[in-house]
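Chemist: Build me a model from this:
(2 chains)
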2 protein chains.
Amino acid sequence: MKTLKVIKIGGNIIDNEDALQAFLKEFFKIEELKLLVHGGGKLATKLANQMQVEVKMIDGRRITDAETLDIITMVYAGKINKHIVANLQANNCDAIGFSGADGNAIVSGKRPVKNIDYGFVGDVKQVNTKSLELLLNNNITPVFCAITHDKNGQLLNTNADTIASELAIALSKIFKTVLYYCFEKNGVLKDVNDDYSVIESITSENVQQLIDNQIISEGMLPKINNCIHAVNHNVQKVCIGKPEMLFDKNSTYTTVSK
Amino acid sequence: MKTLKVIKIGGNIIDNEDALQAFLKEFFKIEELKLLVHGGGKLATKLANQMQVEVKMIDGRRITDAETLDIITMVYAGKINKHIVANLQANNCDAIGFSGADGNAIVSGKRPVKNIDYGFVGDVKQVNTKSLELLLNNNITPVFCAITHDKNGQLLNTNADTIASELAIALSKIFKTVLYYCFEKNGVLKDVNDDYSVIESITSENVQQLIDNQIISEGMLPKINNCIHAVNHNVQKVCIGKPEMLFDKNSTYTTVSK
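Modeler: Residues are numbered from 1 along each chain as shown, chains lettered A, B, ... in the order given. Next up is the predicted model:
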């Protein structure tokens, strides 16, 4: 079984052109098969402001009405995705941009309205690996933006962390899959104000204790839940830290395992 | 050798949601392998106006400065391309969206500045069929927007008719390729005011006479040159007409052959 690295990058890389170029110049050197998932960063909000479309947030979460979905599709699947793909090609890394609609890769369901109507937001229902397997086995790197579809023609805004974990889980049937969440900190921290207080190992056994003791704080909880879900579904391990964890063997980061 | 239909649609379909849905509902029924190329229509100009970005035209041609290239990438590769792909999936046609950067499919060179600086406009230099062949042989339909790249990380705005003909030519090494240009008229007309005056057959032999007699008028000239170039480079034939030519055996259209 070949090893596949599923790597998710977020706003701290996407929003900083120098950081993005530095990342891509290391990324193409990864010898194992690889798949990249990118978040959206601040560009969608910037475009909404420029278009004078109101950005609606409830509890820090974006409400995706039809106009906002258009903006997200243009920015994530258009501007950011093609910018990354063109720059990977410049580094001789053959890549193809994906949304969940492409290759019918990720089918999601529109989130049901309970207290809050999040609008065109999708929860992942199914991952289809046919086209991804085909491309990966030919050394072509899929590059995913955080958009899925409902298989009835509707695009849906979907959490990028979830897309990365669901892809890693589905592809673990074919590849030995490791998931990397790159973000702005060195990993999960004991003390959020001390970037050197990295918890180096989290397991599905000690995680509840870390939550109960409030060492894993509220903001980190959904990410950790994604990680635990992934390792409980055949992903070998999940690594959380700065992008350097991918390239620098001496770097410190958090590993989540079963 | 399998047959491949390379089909280009333009603004008259893209800008009209009913026409697009009707087209896609017929398109998925095509039994041969197929590849779709779409133009941009009026949405890019609409977005530019909404963003208060000036649309610069010289002799009816768009000047693509950096801001305009961003808009085109967002609208063509994002909004339109993903809308088409999601709706093909809804019709059980497995499709993957492409720009020329994806799979390094189309490499172009930035047009040199002579009298006019067209900005980030690319002339096609090379077509790489590896990923397209892989997908087509697995019954996955590539859907191209009219954006290419220079292999150095720069995206470039490129004529959609040219993209369709260059793809058809390159793929004719692997497939028996037929190219279809769908537009708002029944074909090349003897009398532009009479939609029933279709010239049914144009060949590389009689085309010069039609040009000399000014039957092929200035607006049609670049399209016809693309057609002649294609049939002179192993494309079986090029059909020009309304989209109905693909689905209705009784429709009248123009066929360009060697």
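Chemist: now whichever residue of chain A sits closest to chain B, nearest residue through space, not along the chain?
Modeler: Using CB to the nearest CB, the single residue of chain A nearest to chain B is A:Gly78, 2.5 Å away. The way it works is simple: take the backbone N, C-alpha and C, and place the C-beta from them, glycine included. Residue nearest to A:Gly78 in three dimensions, not counting chain neighbours: B:Gly78, with 2.5 Å by CB to CB, 6 or more residues apart in numbering or on different chains.
Chemist: What of A:Leu246?
Modeler: In space, A:Leu246 is closest to A:Tyr180, 6.1 Å off (CB to CB, 6+ apart).
Chemist: Is that neighbour located within a helix, as I assumed?
Modeler: No. Under DSSP: H, G, I helix; E, B strand; the rest coil, A:Tyr180 falls outside any helix and is assigned strand.
Chemist: so what's it up against?
Modeler: By CB atoms under 8 Å, 6 or more residues apart in numbering or on different chains, the residues touching A:Tyr180 are A:Lys5, A:Val6, A:Ile7, A:Lys8, A:Val238, A:Cys239, A:Ile240, A:Met245, A:Leu246.
Chemist: tell me which element the last one is part of?
Modeler: If you go by DSSP states H and E, A:Leu246 is part of helix A:244-247.
Chemist: quick one: pLDDT of A:Ile106?
Modeler: A:Ile106 carries a pLDDT score of 98 in this model.
Chemist: Could you give the number of residues near it?
Modeler: When neighbours are counted by other CB atoms under 10 Å in any protein chain shown, A:Ile106 registers 28.
Chemist: Skipping its backbone neighbours, what lies nearest it in space?
Modeler: Nearest one to A:Ile106, counting by CB to CB, 6+ apart, is A:Gly100 at 3.0 Å.
Chemist: Quick check: neighbours of the lowest-mean-pLDDT helix or strand in chain A in the sheet, parallel or antiparallel?
Modeler: Scoring the helices and strands of chain A by mean pLDDT, DSSP states H and E places strand A:61-62 at the bottom, with a mean of 78. Sheet pairing for strand A:61-62, assigned by DSSP bridges, gives strand A:57-58 (antiparallel).
Chemist: So for the helix or strand hosting A:Ala230, mean pLDDT?
Modeler: Here A:Ala230 sits within helix A:221-231, counting by DSSP H and E. Computed over helix A:221-231, the mean pLDDT rounds to 92.
Chemist: So for the next helix-or-strand element following that helix, what gets flagged as buried?
Modeler: Sequence-wise, the next helix or strand downstream of helix A:221-231 (DSSP H and E) is strand A:237-241. By neighbour count with 16 or more other CB atoms under 10 Å in any protein chain shown, strand A:237-241 contains the buried residues A:Lys237, A:Val238, A:Cys239, A:Ile240, A:Gly241.
Chemist: Those residues into TSV, with extra columns for pLDDT and distance to A:Ile163?
Modeler: Below are the buried residues of strand A:237-241 laid out as TSV (pLDDT from 0 to 100; distance: CB to CB, whole Å):
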residue	pLDDT	distance to A:Ile163
A:Lys237	97	19
A:Val238	98	14
A:Cys239	98	17
A:Ile240	97	16
A:Gly241	96	19
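Chemist: got the residues you listed as TSV, with distance to chain B columns?
Modeler: Output for the buried residues of strand A:237-241, formatted as TSV (distance: CB to the nearest CB, whole Å):
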residue	distance to chain B
A:Lys237	30
A:Val238	28
A:Cys239	28
A:Ile240	29
A:Gly241	27
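Chemist: Low-confidence stretches in the stretch 1-150 of chain A?
Modeler: Across the stretch 1-150 of chain A, nothing is flagged by pLDDT under 70.
Chemist: those strands in it, which residues are they?
Modeler: A:3-9, A:33-38, A:57-58, A:61-62, A:95-98, A:106-110, A:122-127, A:141-144, A:147-149 (DSSP state E, counting those that start in this stretch).
Chemist: chain center to the fourth one: distance?
Modeler: When you say that, I think you mean strand A:61-62. 17 Å (CA atoms, centre = their mean, to the nearest Å).
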